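A.B. asks: one predicted model, sequence on top.
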Amino acid sequence: MTDVAGPESVPISELDLAAEFPQATRAQWQELVAGVLRKSGKLPEDFAGAPESKLVTRTYDGIEIQPLYTAEDVPGDIGFPGLPPYVRGSRPDGQVGTGWDVRARFAGEDGRAVNKAILADLEGGVTSVWLSVPPPALADALNEVYLDLAPVVLDAGAQYEAAASELLALFTEREIPASEAAAVLGADPIGLAARSGSAVALEPAAALAARVAGKYPNVRTIVADGLPFHEAGGSDAQELGALVAAGVTYLRALTDAGLAVEAAAGQLEFRLAATADQFSTIAKLRAARRLWARVAEVCGFTSPMRQHAVTSPAMLTRRDPWVNMLRTTVACFGAGVGGADAVTVLPFDAAIGRPENTSAFSARIARNTHAVLLEESKLAGVADPAGGSWYVEKLTDDLAHAAWAEFTAIEGAGGLVAELASGALAGRLASTWEKRSKRIATRRDPLTGVSEYPNLAEKPVVREPVEATVDGGLPRHRYAEGFEALRDASDAYLASHGERPKIFLATLGPVAAHTARAGFAANLFQAGGIEAVNPGATDDLPGAFRASGARIACLCGTDDAYAAQAADVAAALGAEYVLLAGKGAYDGVDGNVFAGCDALEVLDGLHAKLGVAR
């Protein structure tokens, strides 16, 4: 065979990539960063610190996200896939060859209608069924479903014992050997208490697990669910800390019921939220396995955490719901890269209507999200694809430490059940939600289609509304709820008045100069359902204002234009209330809108002035 490399070729093991380029140093990078920041006015000329410190951001757990990571940031030995501490995955080969379990959620009162949806999804690529129906409807819902091929995960709330009995009876009726039956019975008294405020009764769930463990080796009984803490507004570390605390609480109950600790751990499945922050999702799943591996080390078992990732219900919007397809795709990507065993992509319209009213189209989009990532993008073709990323490894380590601190705080206060009963955990979650709400209100955490780039003319997606099913327990938030309440009020105003509430944009100075601020202001007002009327360049702003029918105006222009014209234009308009896009106080100007202002507060005030009822 011909040596195509030639006799003087260098062995690949000795190749120095980019050897022809001079080696870059951190100091050179810092100098370039400083130059850019000085040009943008974000770095004083006499600043003596590290310039990149101006680019550091912080998560809700206080973790600092640096603008640059190097090999020096990697925290020690991260292990190997399939071995403790399982940071790199619970199996040596990851999901190579099989992909993750594509798990779809089904819910409703009519078992036959649910069955139709289940069969369609199984035919379209779904591999397991997450099912919430009344126990008597279970047989109808699972008609013609091959239970030995498609595992069933029950979600029956307080009726988990009855639902489990129905499913186990179906195994017997269909002559499925106990050794081949695969399911998760969905007992989660802690999650039920978190959702509803009910008392926690661990003994019945533990007794069910003890009965099942010896007969059905592939059936798990208990779900430790992190979604209630996530939907209450909690941070990633708070969700993980509560999740691990729930797992430890269940371990104690199961061993008290007579199970060996290894068998008890085998009865647990953990459910986590996957969000549109792909790196946080990847790090969260990896950190969760590390945390549980530490619990396993202390308790004397070795089995890894079984993870079920669900695209975050909190991040879904009712307005411009098509954007949810992008959010859930990124979340599914993060869950897959993070090593989740099973992933559920919620339909893009899940926040709009009841699950049983989800359209066939949205169900197809949800399952095809998996197909694109698994089949076309080959995302599962590599074990731990994020492994070795300096950023991901550092974020995983930081998050694991923050979550362990939350977990130990919960344990120190008497455990998760005690923390739920006392309200202490609810208080910490509420504090985080307050911080998150502030960032959403100031649009530092933007919501595309809702707080940014809203479309007042969008055609709504109509579904039967979601009904509140329980009172008490932890709140269930969606990030878009504040802005969407304003949009709902605007819709009601449109229905009763024939037009939307409006505001007039009085543009000052050359068109090129005022375009940016006019665009910013229009975007902000429309996020609250207020139509922005922009006449463009005109010599008669007062006449254009009167013709618009608006009662409120906003001045949009340059600072120089404001200094020269703001007071006179404000007086000439005759508006009931005058805002200015930017900062500065001028005669006749009653308020300001600017980057970082509390948009919800501004919009709520404008609704009040315009007579828009909430």
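C.D. replies: Received, thanks.

A.B. asks: measure A276 to F333 for me?
C.D. replies: In this view, A276 and F333 are 10 Å apart by C-beta to C-beta, to the nearest Å. Every residue, glycine included, has its C-beta placed from N, CA and C.

A.B. asks: nope, S179 is what I meant
C.D. replies: 35 Å.

A.B. asks: which one's more surrounded, those two?
C.D. replies: Shown here are S179 and F333; by other C-beta atoms under 10 Å, F333 has more neighbours (21 against 10).

A.B. asks: could you pull up the residues touching that one?
C.D. replies: The contact partners of F333, taken as C-beta atoms under 8 Å, 6 or more residues apart in numbering, are 278, 373, 379.

A.B. asks: change it to 6 Å
C.D. replies: Neighbouring residues of F333 by C-beta atoms under 6 Å, 6 or more residues apart in numbering: Q278.

A.B. asks: repeat for the one 10 residues further on
C.D. replies: Taking C-beta under 6 Å, 6+ apart as the definition of contact, the neighbours of V343 are 100, 309, 332, 335.

A.B. asks: confirm that it sits in a helix.
C.D. replies: No - counting by DSSP: H, G, I helix; E, B strand; the rest coil, one finds V343 to be strand, located in no helix.

A.B. asks: V133 touches D140, doesn't it?
C.D. replies: No - in this structure V133 lies outside contact range of D140 using C-beta atoms under 6 Å: 8.2 Å.

A.B. asks: avg pLDDT for the host helix or strand of Q28?
C.D. replies: Using DSSP states H and E, Q28 maps to helix 26-39. For helix 26-39, the mean per-residue pLDDT is 92.

A.B. asks: give the buried residues for it.
C.D. replies: Neighbour counts over helix 26-39 (16 or more other C-beta atoms under 10 Å) mark 33-34, 37 as buried.

A.B. asks: kindly report the same for stretch 443-463.
C.D. replies: For stretch 443-463, by 16+ other C-beta under 10 Å, it's 443, 447, 449-451, 454, 456, 461, 463.

A.B. asks: D155 touches G186, doesn't it?
C.D. replies: Yes - D155 is in contact with G186 according to C-beta under 6 Å; the separation is 5.1 Å.

A.B. asks: which of the two has more residues huddled nearby?
C.D. replies: Between D155 and G186, counted using other C-beta under 10 Å, G186 has the larger neighbour count: 28 against 21.

A.B. asks: the more buried one against V223, yeah?
C.D. replies: Yes - if you go by C-beta under 6 Å, G186 and V223 touch, sitting 5.5 Å apart.

A.B. asks: how about stretch 194-214: buried residues?
C.D. replies: 194-196, 200, 202, 205-210, 212-213.

A.B. asks: what of stretch 605-614?
C.D. replies: Residues of stretch 605-614 classed as buried: 606-607, 610, 612 (neighbour count, 16+ other C-beta under 10 Å).

A.B. asks: cool, and stretch 158-169?
C.D. replies: So, applying 16+ other C-beta under 10 Å, buried residues of stretch 158-169: 160-161, 163-164, 166-168.

A.B. asks: go through the residues you listed and flag which are in strands.
C.D. replies: Among the buried residues of stretch 158-169, no member is found in strands (DSSP state E).

A.B. asks: which members of these are the farthest-apart pair?
C.D. replies: Taking C-beta to C-beta as the measure, the buried residues of stretch 158-169 span a maximum distance of 12.1 Å, between Y160 and L168.

A.B. asks: any stretches of this protein with poor pLDDT?
C.D. replies: 1-15, 354-358, 466-470, 512-514 (pLDDT under 70).

A.B. asks: do you know how far the spatially most central residue of the chain is from T255?
C.D. replies: Central residue of the chain (C-alpha atoms, centre = their mean): T275, 2.7 Å from the mean position. With distances taken as C-beta to C-beta, T275 is found 34 Å from T255.

A.B. asks: which SSE is A572 in?
C.D. replies: Following DSSP H and E, one finds A572 within helix 559-573.

A.B. asks: mind checking what helix or strand follows that helix in sequence?
C.D. replies: Next element after helix 559-573 (DSSP H and E): strand 577-581.

A.B. asks: list the buried residues for the next helix or strand after that following strand?
C.D. replies: Using DSSP H and E, the helix or strand that follows strand 577-581 towards the C-terminus is strand 591-593. In terms of neighbour count (16+ other C-beta under 10 Å), strand 591-593 has its buried residues at 592-593.

A.B. asks: pairing partners for strand 591-593, with directions?
C.D. replies: When pairing is defined by DSSP bridges, strand 591-593 lines up against strand 577-581 (parallel).

A.B. asks: tell me the angle of the strand it pairs with relative to helix 559-573?
C.D. replies: 170 degrees (axes from the mean of the first three to the mean of the last three C-alpha atoms, to 10 degrees).

A.B. asks: all numbers from here: first residue = 22
C.D. replies: With 22 as the first residue, the last one maps to strand 598-602.

A.B. asks: now V344. Nearest residue, chain neighbours left out?
C.D. replies: Using C-beta to C-beta, 6 or more residues apart in numbering and skipping the chain neighbours, the partner closest in space to V344 is G470 (4.4 Å).

A.B. asks: what does R567 give?
C.D. replies: In space, R567 is closest to G595, 7.8 Å off (C-beta to C-beta, 6+ apart).

A.B. asks: and N345, by the same measure?
C.D. replies: Sequence neighbours aside, F369 is the residue nearest to N345 in space, at 3.9 Å (criterion: C-beta to C-beta, 6+ apart).

A.B. asks: thought that neighbour was touching P342?
C.D. replies: Yes - taking contacts as C-beta under 6 Å, F369 lies within contact range of P342: 5.3 Å.

A.B. asks: ok, the two, which is more surrounded?
C.D. replies: F369 (28 against 22).

A.B. asks: got the contact list for that one?
C.D. replies: The contact partners of F369, taken as C-beta under 6 Å, 6+ apart, are 342, 345-346, 383.

A.B. asks: quick one, which of these are buried?
C.D. replies: Buried members of these, counted by 16+ other C-beta under 10 Å: 342, 345-346, 383.

A.B. asks: got the contact list for stretch 63-78?
C.D. replies: Residues from elsewhere that reach stretch 63-78, judged by C-beta under 6 Å, 6+ apart: 51, 54-55, 58, 85-86, 88.

A.B. asks: let's go with 10 Å and repeat that
C.D. replies: The contact list for stretch 63-78 (C-beta atoms under 10 Å, 6 or more residues apart in numbering) reads 47, 50-59, 61, 84-89, 465.

A.B. asks: in helices, which of the buried residues of stretch 464-484 fall?
C.D. replies: Of the buried residues of stretch 464-484, none are assigned to helices by DSSP state H.

A.B. asks: distance of T148 from V174?
C.D. replies: Counting by C-beta to C-beta - T148 and V174 are separated by 11 Å.

A.B. asks: which neighbours do these two share?
C.D. replies: What both T148 and V174 touch, as defined by C-beta under 10 Å, 6+ apart, is the set 122, 124, 363.

A.B. asks: now the residues you listed as JSON lines including neighbour count and distance to V108?
C.D. replies: Output for the shared contacts of T148 and V174, formatted as JSON lines (neighbours: other C-beta atoms under 10 Å; distance: C-beta to C-beta, whole Å):
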{"residue": "D122", "neighbour count": "18", "distance to V108": "20"}
{"residue": "R124", "neighbour count": "25", "distance to V108": "23"}
{"residue": "A363", "neighbour count": "22", "distance to V108": "19"}
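
A.B. asks: turn those residues into CSV, including distance to P43.
C.D. replies: Converted to CSV, these look like this (distance: C-beta to C-beta, whole Å):
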residue, distance to P43
D122, 49
R124, 51
A363, 49
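
A.B. asks: out of these, which is nearest to L170?
C.D. replies: Nearest to L170 among the shared contacts of T148 and V174, with distances taken as C-beta to C-beta, is D122, at 12.2 Å.

A.B. asks: just checking, the closest one touches S149?
C.D. replies: Yes - applying C-beta atoms under 10 Å as the test, D122 and S149 come out as touching, 5.2 Å apart.

A.B. asks: what touches both of the two?
C.D. replies: Common neighbours of D122 and S149 (C-beta under 10 Å, 6+ apart) are 172, 174, 329, 363, 365.
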